[in-house]
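In: Based on what follows, work out the 3D shape:
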Amino acid sequence: MKYVDVEKIKKDFPILNVKPHGKKLIYLDNAATTQKPISVIKAMDRYYEELNANVYRSPHYLSALSTQAYEEARERVKKFINAKTEESIIFTRNTTESINFIAYTWGMKYINEGDEIILTIAEHHSNILPWQMVAEAKKAKLKYVYLDDDFRLSMKDFKEKMSDKVKLIAIQHMSNVLGIINPVEEITHIAHKYGAKVLIDGAQSVPHMPVDVQKIDCDFFAFSGHKMLGPMGIGVLYIKEDLLKEVPPFLRGGEMIDEVYEDYSTFAPSPLKFEAGTPNIEGAYVLISAIDYIEKIGLTNIYKHEGELLEYGLQKMKELDFVKLYGPKDAKERGGLISFNVEGVHPHDVATILDEEGIAVRSGHHCCQPLMRYLGVPATVRASFYLYNDFEDIDALVEGLKKVRKWFK
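Out: Residues are numbered from 1 along each chain as shown. Sure, this is the predicted structure:
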């Protein structure tokens with residue numbers, strides 16, 4: 001069944017007409033950032049041509065338009081992830097800032113000496129370093145959950161490491177290296193039984209599958225606009241409504257105040273209390289167009305389309321006896337990306353040769369050095385798919401890998 005009309009979609013992305021080294025561009029680095037459809041590009045122009053002004057602070061026409069657009073973006077995001085209230089939607093720069101936000105505010109206030117923070121060995125550095133900081137500052141302990149024999153998160157290990165000492169579980173929804181989709185709803189249910197909070201890194205899940213934060217019941221959820229067809233520099237932090245008063249401000253300055261006196265200040269209610277200074281108004285406005293584009297196609301359709309690409313890609317690459325694959329063998333248990341290595345060839349060399357064929361992939365540790373050490377490799381190559389990729393792109397990747405083999409045989 002055809003879930004996505006890729007031929008039609010490709011026409012919406014001007015950058016796909018670029019010819020790297022005179023070759024057709026095959027963009028397979030979507031886990032790092034996605035390309036932008038013309039509707040998103042035009043939305044950026046429209047913001048600066050028609051409604052550029054600072055929000056909230058002035059009664060004039062442009063400021064009113066800009067404020068309305070900014071708050072419409074918040075409402076749009078609320079519906080997109082099924083948050084209960086708009087006040088729970090905080091705009092940040094990206095997923096990394098959203099996670100640091102919670103580490104420096106809730107983490108530094110509520111995690112104390114002897115408390116435990118649970119992470120997984122597959123976390124992105126952005127969901128490790130902030131908690132290392134909190135653990136060091138507050139004399140708390142970090143505990144890691146490892147993987148089973150098929151690269152999936154070991155729920156047995158997770159359950160064994162849960163205790164009344166655990167105050168936070170910080171976990172990715174989908175791995176940016178292995179593609180594993182973690183059972184976050186089950187994890188949250190278990191965590192809450194122990195009184196622990198749950199923060200979910202949704203950078204890799206939100207662009208590719210339906211996400212319902214109320215169903216998951218997580219306490220914090222973070223994601224980025226640029227990984228879902230939106231612009232750089234706009235991210236989202238979801239804070240469950242019953243925690244909004246508990247979380248202190250991250251940054252302090254303009255607009256987030258109620259009253260300022262010489263020696264103390266009071267703060268505005270959420271979300272204003274969490275968005276000091278001039279926010280990325282145009283980024284939030286343009287994010288609406290990205291969400292519109294995604295929802296027009298349908299996240300379920302995107303997920304199924306990527307599943308077909310993944311299944312096809314895994315099968316094709318398994319036929320290459322010089323390629324080692326990482327991640328669950330069953331395509332139904334993972335998202336649309338494949339990490340691999342070519343026998344005897346450094347990942348950077350693989351990526352460089354593929355680039356000469358017009359194929360854009362990522363090579364390196366993917367900001368997951370603990371995972372690389374766990375896998376026993378310094379780096380991998382990663383091909384990650386999105387709604388504008390098709391079977392021909394995977395065929396080109398496979399042929400490119402055969403050329404890599406010839407170079408180093």
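In: in stretch 272-289, what's buried?
Out: 272-276, 279-289 (16 or more other Cβ atoms under 10 Å). No exception for glycine: its C-beta is placed from N, CA and C like everyone else's.
In: Ramachandran coordinates for the nearest residue to residue 201 once chain neighbours are set aside?
Out: For residue 201, ignoring the flanking residues on the chain, the nearest one in space by Cβ to Cβ, 6 or more residues apart in numbering is residue 172 at 4.3 Å. For residue 172, the backbone dihedrals (degrees, to the nearest 10) come out as phi -80, psi 150.
In: ok so, going back, now the two most distant members of the buried residues of stretch 272-289.
Out: 273 and 289 (27.7 Å; Cβ to Cβ).
In: still on that earlier bit, can you tell me which of the buried residues of stretch 272-289 are in helices?
Out: 281-289 (DSSP state H).
In: want to throw those residues into JSON lines with distance to residue 339 and pLDDT?
Out: Shown next, in JSON lines, are those (distance: Cβ to Cβ, whole Å; pLDDT from 0 to 100):
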{"residue": "281", "distance to residue 339": "37", "pLDDT": "97"}
{"residue": "282", "distance to residue 339": "34", "pLDDT": "97"}
{"residue": "283", "distance to residue 339": "30", "pLDDT": "98"}
{"residue": "284", "distance to residue 339": "32", "pLDDT": "98"}
{"residue": "285", "distance to residue 339": "35", "pLDDT": "98"}
{"residue": "286", "distance to residue 339": "31", "pLDDT": "98"}
{"residue": "287", "distance to residue 339": "28", "pLDDT": "98"}
{"residue": "288", "distance to residue 339": "33", "pLDDT": "97"}
{"residue": "289", "distance to residue 339": "31", "pLDDT": "98"}
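In: can you map out the strands along the stretch 101-250 of the chain?
Out: 116-120, 141-145, 166-172, 197-201, 220-224, 235-239 (DSSP state E, counting those that start in this stretch).
In: Adding mean pLDDT, distance to residue 356 and mean neighbour count, write those strands out as TSV.
Out: Listed next are the strands of the stretch 101-250 of the chain as TSV, based on pLDDT from 0 to 100; distance: least, Cβ to Cβ, whole Å; neighbours: other Cβ atoms under 10 Å:
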stretch	mean pLDDT	distance to residue 356	mean neighbour count
strand 116-120	98	36	23
strand 141-145	98	39	17
strand 166-172	98	32	25
strand 197-201	98	34	26
strand 220-224	98	30	27
strand 235-239	98	34	26
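In: To residue 359, which of those strands lies closest?
Out: Nearest to residue 359, of the strands of the stretch 101-250 of the chain and by Cβ to Cβ, is strand 220-224 at 24.0 Å.
In: Compute the inter-axis angle for that closest one and strand 197-201.
Out: Strand 220-224 and strand 197-201 are oriented at 10 degrees to each other (axes from the mean of the first three to the mean of the last three Cα atoms, to 10 degrees).
In: Contacts made by strand 220-224 with the rest, please.
Out: 81, 92, 94-95, 98-99, 102, 106, 197-203, 205-207, 211, 213, 230, 234-240, 243 (Cβ atoms under 8 Å, 6 or more residues apart in numbering).
In: Just give the strands next to the helix or strand of the chain with the lowest mean pLDDT in its sheet, each with its orientation.
Out: Every helix and strand of the chain was ranked by mean pLDDT, DSSP states H and E. The lowest is strand 257-260, at a mean of 92. Partners of strand 257-260 in the sheet, by DSSP bridges, are strand 265-267 (antiparallel).
In: List the buried residues for the strand it pairs with?
Out: residue 267.
In: Next one: residue 107 relative to residue 304, how far apart?
Out: Noted for residue 107: a distance of 37 Å to residue 304, by Cβ to Cβ, to the nearest Å.
In: Tell me which of these two has more neighbours.
Out: residue 107 (28 against 16; other Cβ atoms under 10 Å).
In: Let me see the contact set for the residue lying closest to the more buried one once chain neighbours are set aside.
Out: Nearest non-adjacent residue to residue 107, counting by Cβ to Cβ, 6+ apart: residue 134, 4.2 Å away. Residues in contact with residue 134 (Cβ under 8 Å, 6+ apart) are 103, 107-108, 111, 117, 140.
In: now residue 340
Out: Contacts of residue 340 (Cβ under 8 Å, 6+ apart): 317, 323-326, 380-383.
In: which SS class is the residue located most distally from the centre of the chain?
Out: Largest separation from the mean C-alpha position in the chain: residue 262, at 40.7 Å (Cα atoms, centre = their mean). Counting by DSSP: H, G, I helix; E, B strand; the rest coil, the backbone at residue 262 sits in coil.
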